[in-house]
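Student: Curious how this folds, go ahead:
(3 chains)
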Amino acid sequence: AVTALNTEMVFIMNSLLFLVGGFLVFFMAAGFCMLETGLVRSKNATMQATKNVALFSLAAIAYFLVGFNLMYPLGDWVVEGWLGGISPTVLEPVGVALEDVDDIEYASIGSDFIFQLMFCAAVASIVSGAVAERIKLWPFLIFVVILTGIIYPIQASWSWGEGFLDEMGFSDFAGSSIVHAAGGWAALAGVIVLGARYGKYGKDGKVTVMPGSNLPLATLGMFILWLGWFGFNGGSQLAMGTISDVADVSRIFANTNTAASGGAVAALILSTIVYKKPDLTMVLNGALAGLVSITAEPLTPSLGAATLIGAVGGVIVVLTIPLLDKFKIDDVVGAIPVHLFAGLWGTMAVPLTNSDANFVTQFVGMAAIGIFMFFASLVVWLILKAVMGIRISDEDQVTGLDKTEMGMEAYPEFSNS
Amino acid sequence: AVTALNTEMVFIMNSLLFLVGGFLVFFMAAGFCMLETGLVRSKNATMQATKNVALFSLAAIAYFLVGFNLMYPLGDWVVEGWLGGISPTVLEPVGVALEDVDDIEYASIGSDFIFQLMFCAAVASIVSGAVAERIKLWPFLIFVVILTGIIYPIQASWSWGEGFLDEMGFSDFAGSSIVHAAGGWAALAGVIVLGARYGKYGKDGKVTVMPGSNLPLATLGMFILWLGWFGFNGGSQLAMGTISDVADVSRIFANTNTAASGGAVAALILSTIVYKKPDLTMVLNGALAGLVSITAEPLTPSLGAATLIGAVGGVIVVLTIPLLDKFKIDDVVGAIPVHLFAGLWGTMAVPLTNSDANFVTQFVGMAAIGIFMFFASLVVWLILKAVMGIRISDEDQVTGLDKTEMGMEAYPEFSNS
Amino acid sequence: AVTALNTEMVFIMNSLLFLVGGFLVFFMAAGFCMLETGLVRSKNATMQATKNVALFSLAAIAYFLVGFNLMYPLGDWVVEGWLGGISPTVLEPVGVALEDVDDIEYASIGSDFIFQLMFCAAVASIVSGAVAERIKLWPFLIFVVILTGIIYPIQASWSWGEGFLDEMGFSDFAGSSIVHAAGGWAALAGVIVLGARYGKYGKDGKVTVMPGSNLPLATLGMFILWLGWFGFNGGSQLAMGTISDVADVSRIFANTNTAASGGAVAALILSTIVYKKPDLTMVLNGALAGLVSITAEPLTPSLGAATLIGAVGGVIVVLTIPLLDKFKIDDVVGAIPVHLFAGLWGTMAVPLTNSDANFVTQFVGMAAIGIFMFFASLVVWLILKAVMGIRISDEDQVTGLDKTEMGMEAYPEFSNS
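Tutor: Here you go, the predicted model:
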C-alpha cells in the first residue's frame, strides 16, 4: 500500500514540476519580447511586440497539431530514430484514473506537453530578435510555423525523443544545443538570407550603431528570462518525487543562478576593459550567455565550475558580438552570440564535469543539430524569399515598420524621430 | 495509517495549489495595471497606475472584512441561496492541528482566502480600464469597495458559494461570467453613467482615435495576464492531491494556453483582413478574449476545441470593439469586448464540450449575473454621480489627470504634449 | 514504513517551498531594478539598471564563496555565536541518497542556499536605490561584495545562524531588521558619506524635486516586489510538509498581502491629506513599507492586526520621507524610510501579536543589528572614499551618468534633456 501511494505522489510531484516549470518558461516569451522590443529602435517596437505575441501563439498551435508527437514518438517512429510520429496531441481524459494514466512512472501528458511546448516556442523567440527591424511579418510567421511544427521537433526527437543522438550518448540536459544553438542556427540562416538592416554597414566598412530604444525594458526582459530559466533547467530534471530528484533540482537552481551571475560579471569586466566603459547590453547578454552555457549540464558542476562555465559564456558574447559585424551579419539583439555560440560552448563543456559524456559524441551531436537546423532553415528562408519576399524595402525601414506595416506607433507621444 | 497520510498530503497539495494559484493571480493585478497604463495617453498614466494599486489594496481589505464570508457562507446564509453571511474572515489558528482544521478534505482557509481574493480584485481591475482617463479617483475607489466587498461576493455566492445558481446546475468553472462578464457589466454601467472622454465622439459622428502611449508596456501587461491565467484556471480545479486532479490541472493549463493562442491568431488574421494592417492592440485583446472564453470550461475541451473556443473570442473582440464606438460607449482599453462579450460566449460554450451543462441553464445563469451586476453597479454609479460627481471636467481632461489631479507626471522627461 | 515515507515527503515539500520561494525572491531583484530605474532621472537609468544586474550577480558569487557558511555555520563557528565559518558552499552530491542527505528533517542544501542567497542580494538592492544618481559604479560594486559576502552574513548569523541574538530570543521571522533595516542602515551610511546629489539642496534650504522618469516602470517594480514577498515571508516558514506548516504558510500569504494593502491605503489617504493631492510614489512606498513592517512577524497577527501593522508602515513613509530632506539626507527612492524605518517598526511590533517575543529583546536585537550594520558599512564607505573616491563629479552628475560613465542612453530617442 505504501508503494502504491508512493507511485501516486511521485506522479503528482513530477506533474507539478512540469506545471511550475511550464509557467516559468512560458514567461520567457514575455522576457524575449521585452528584451527584443527594448533593443530595437522605437519605430519598430510595435512590430517587434506583435511578432513576439504572434510567434508564441502560432508555435503553441503548431506544436499541438504536429510538433509534440513528432518530437516524442514513444516508439512510434516514421523513420526509426530520425523521424517521429505524425498526429495531433491528445491529452489524458478528464479525471483520468490511475490505471488509465499513460505513464504512471512519469507525469501527466498535459503537464509534459505544456512544459515541452514552451521550449519549442523559445526557439522561435530566439529567431525573432536576430531578424528584427527588416523582416516582413507574414513570411516570418510562416517560418515560425514550420520551425516549431516540423524542424525543431524533428531535431529534438533525435535526443529527447530517444532517437539516434540519444542512442549515441549525446548529452544535452536542457538544450544548449537542442534549443538554444538550434534557435541560433535558424536565426543565422535567416539573417544571411535577409541581409543587414538598411544603413547598418557602409560601403567603407563603417558600422553604424543603432542603439536600442528602451534599455530598462530590455533589462526587465533579461530578468524575466533569468527567472524563467529556473523552470527551463530545473524542470528538465523531469522528476521531483524523490529526495534525490528534489535535491538535484535544487543543485540545478543553484548552478543556473551562479552561471548567469558569472556570465554577467565576466561581460561587465571584459566590456569595461575592451571598450573602456561598462556596457549594459553586454552585461544583459553576458547573463543570458551564462544561462545558455550551463543549460547543457546544470546538474553535475560544482557551484565554482558552474560560475566559470557561465563566465566563459559571458566572455564569448563580448568577443563575438563585434566579430559578427566584421562579417556583416546583422543580429539586432545579439541572439547568435548568446544562443548559438554560448550554446555550442555549453554543449562541449558537458564532459568537463559529467564523466558520462565525451567530447567526440558531444561534437557529433552539436554538428548534426547544427547542420540540420541551419540547412533546413536556410531552405525555408530561401523559398519564402523567392515566393513572397521577406525583406522590408529600404525606404520603409527608414520610416520604420510600425508606421509602414502597422500604422501604429509604440510610443506615439515620446519619440523624437 | 496510509489513508491518514493520504488525507494529510491531499490537504497540503490542495493548499499548495491555492498558494501558487494565488500568487499567479495576484500578479494579474500588475498585468492589468501595465495593460491599462500602456493603453492610456501619457498624461493620464500616473493616475491609471495609482488607481490600479489602490483598487487592489482596497479590494483586499473589503474582501477580508465582508466579501469572503458573504461569498462562501458555508450554509450560514442570511437569505438561503441568495445572500451569504456577514462577518470578517478568520483564518485557522497558528500551527493548526489536523483535528482542528476547518475542512480536512479541502485546503487551509488562508490558502483558499488568498486565492479567492485575487479573483475579486480582478473584477475591479476590469472596471478601471474601461472608465479610464475621465473618472475621479475617490468615487472610483468607493465604487471598488462596494463592488469587491458586496456586489461581486453576493453574485459569486449564487454559484461558488453553493447558492441558487449552483443548485440549478449552472456551470462556470473559473468565472467567464462570474468574474469576467461580471466585471464587464460593472464597467458597462460605469461607462454609460460617466459618458465618453471629452473629444472622443464628434457631433458629426466622427470618432477620434486616442492611441495608447506605451504599447510595449501594454504587451507586457497582456503576457502577465496570460501567465496569471494558469493560476486562475488551473487553481480553480480546487484540488491537486490525486492523480486525476493533477492530470486535470494539466489539461486546464494546456487548454488555457491554446485558447489564448487561438484568440491571438484569430484577432491577428481578422484585424489584418478588416483593417488591411495587423493591429497589436487587437492581438493583445484577442489573446485575452481567448483566455476569457475558455475560463468557463477549461477542463473538458480537447486542445482543438479549446483553440477554436479561444479563436471565437478573438473574433468577437475584433468585431465588437468598433461596434461600441457606434453606440458612443467609450471603453478605453477594450475591457467590455474582452471580459463581457467573450465572457458571455465562454459561458454559452460550456455545453459544447461538457455534457453536464445545458444551454438553458447557462443562459439563465448568465442573465441572472448580468442583470444583477449591471443594475447594482448602475445604482451605485448613479448615487456616486449625484452625491459627489464622478467625472473630471473637460478642461482637466485636456490637460490630463496627472497634472490636474495628482501633480505628478508619469514620464516628465519624455512627453511631447 | 509510513513514517519513512512521511520523512521523505516532508523533505521534498520543504525543498519545494524553498525553490518556489527562491524564484519568487529572485524576481525581487527585477522589482528593485524596475522601481529604482523608474525613480531616477532618465539620464541615469542605464547606470541604475547596470548596477542592479551587477549587484545581484556579485552578491550571488560572494554569498556562495563566503557568505552562506558565514551565516549558517551549523555549530562550526570561528567565534561562537558571533562569527561563523569560513568556507565556500558545497551542495549535496548529484542524486544524493536518503542516508547521505545533510539534514533529512529539513531540506536540500541547494534549495536552502538558493533561498537564502536571494535575501542577501535584496540587502544590496536596497542600498543601490538610496545612493543612486551620484555614486561611481566600481566602488559601489566593491561595497556590494563586502556587504553580501561578509557584513550581512555575519549579522544574519547572530539570529538565523543560531548565534547570540537567537539565544537571547530575538524574533525576526523573515527579516524586518535582519534584511530590511540592515540594508537601510548600510544605505544610510552610504548616503551620509556620499553626500546629496548635486543641486538637491540649495544653500537657502530649498529642496529641489527631482522627479522619477518612468513611474509606470516604478509601479511595475513595486508589484514585482509585492509578488516576491509571498516567497520572502512564506518561504521563511522553512517547512511545508505538514498540515500545520502549510496552513501557516497560508496565513503568512494572507497577512503579507493585507499588510501591503494597509500600507498602500494609509499612504494614499495620508498623502492626500498632507499634500492635498494623492501621490503615486508615496502609495508605492507605502505598500512596500507595509510589506517590510509585517516581515518580522507575518504569522501570528490576525488579518485585521496585519492590516494595521502595514498601515502604520505606510504612515511612517509619508511622514519620514520629507523628514530626511530636513537633514539633507538624499535618498533617491525612499529606501531608508521604507526599509529602515518601517523595518524598525516591524521589529518592535512583534510582541504585539507574538507572546513569545518581548520589547526589550526586540530592542536589543534591533540595536545590535543597527550598530553593526551602520558602522561596518560606514567604515567600508569611508575607506572606499579615501582610496578611490565614490562620488561622481558635479559636472558629470549634471550631464548624467549614462553619458559620462557608460556612453549609453537608456532612452536615446525619447529624452528631451
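
Student: Near chain B, which residues of the stretch 51-200 of chain A are found?
Tutor: Selection of the stretch 51-200 of chain A residues close to chain B by Cβ under 8 Å from any Cβ of the partner chain yields A:52-54, A:56-58, A:60-61, A:64, A:88-92, A:94-98, A:101, A:104, A:107-111, A:113-114, A:117, A:137. Where you see a C-beta, it was placed from the backbone N, CA and C, and this is true even at glycine.

Student: Just those residues: which are in helices?
Tutor: A:52-54, A:56-58, A:60-61, A:109-111, A:113-114, A:117, A:137 (DSSP state H).

Student: chain center to stretch A:295-304, what's the gap?
Tutor: For stretch A:295-304, the separation from the chain centroid amounts to 19 Å (computed by Cα atoms, centre = their mean, to the nearest Å).

Student: how much space between A:Gly228 and A:Val350?
Tutor: Applying Cβ to Cβ, to the nearest Å, the value for A:Gly228 to A:Val350 is 22 Å.

Student: and what of A:Ser125?
Tutor: For A:Ser125 relative to A:Val350 (Cβ to Cβ), the value is 24 Å.

Student: Would you map the helices across the stretch 151-300 of chain A?
Tutor: In the stretch 151-300 of chain A, helices defined by DSSP state H, counting those that start in this stretch lie at A:152-159, A:164-168, A:182-194, A:215-235, A:243-275, A:280-295, listed in chain order.

Student: which intervals of chain A have sub-threshold pLDDT?
Tutor: Scanning chain A for pLDDT under 70 picks out A:1-5, A:416-417.

Student: Mind listing what's buried along the longest helix belonging to chain A?
Tutor: Secondary structure of chain A per DSSP H: the longest helix is helix A:2-39. Of the residues in helix A:2-39, A:5-39 count as buried by neighbour count, 16 or more other Cβ atoms under 10 Å in any protein chain shown.

Student: hmm, back to that, could you say which of the helices of the stretch 151-300 of chain A is packed most deeply?
Tutor: Mean neighbour count (mean count of other Cβ atoms under 10 Å in any protein chain shown) peaks for helix A:280-295 among those, with a mean of 33.

Student: anything in it sitting right up against chain C?
Tutor: Yes. Counting by Cβ under 8 Å from any Cβ, chain C has neighbours in helix A:280-295: A:Leu280, A:Thr281, A:Val283, A:Leu284, A:Ala287.

Student: Turn these into TSV, including distance to C:Asp76.
Tutor: Converted to TSV, these look like this (distance: Cβ to Cβ, whole Å):
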residue	distance to C:Asp76
A:Leu280	40
A:Thr281	43
A:Val283	36
A:Leu284	39
A:Ala287	33
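
Student: Could you count how many residues lie near A:Phe119?
Tutor: 28 (other Cβ atoms under 10 Å in any protein chain shown).

Student: burial count for the closest residue in space to it that isn't next to it in sequence?
Tutor: Leaving out its chain neighbours, the residue that sits closest to A:Phe119 by Cβ to Cβ, 6 or more residues apart in numbering or on different chains is A:Val179, at 5.3 Å. If you count neighbours by other Cβ under 10 Å, A:Val179 ends up with 28.

Student: So A:Val179 is in contact with A:Ala296, correct?
Tutor: No. With contact defined as Cβ atoms under 8 Å, A:Val179 does not reach A:Ala296; the gap is 9.9 Å.

Student: Quick check: neighbours shared by those two?
Tutor: By Cβ atoms under 8 Å, 6 or more residues apart in numbering or on different chains, A:Val179 and A:Ala296 have these common neighbours: A:Gly343.
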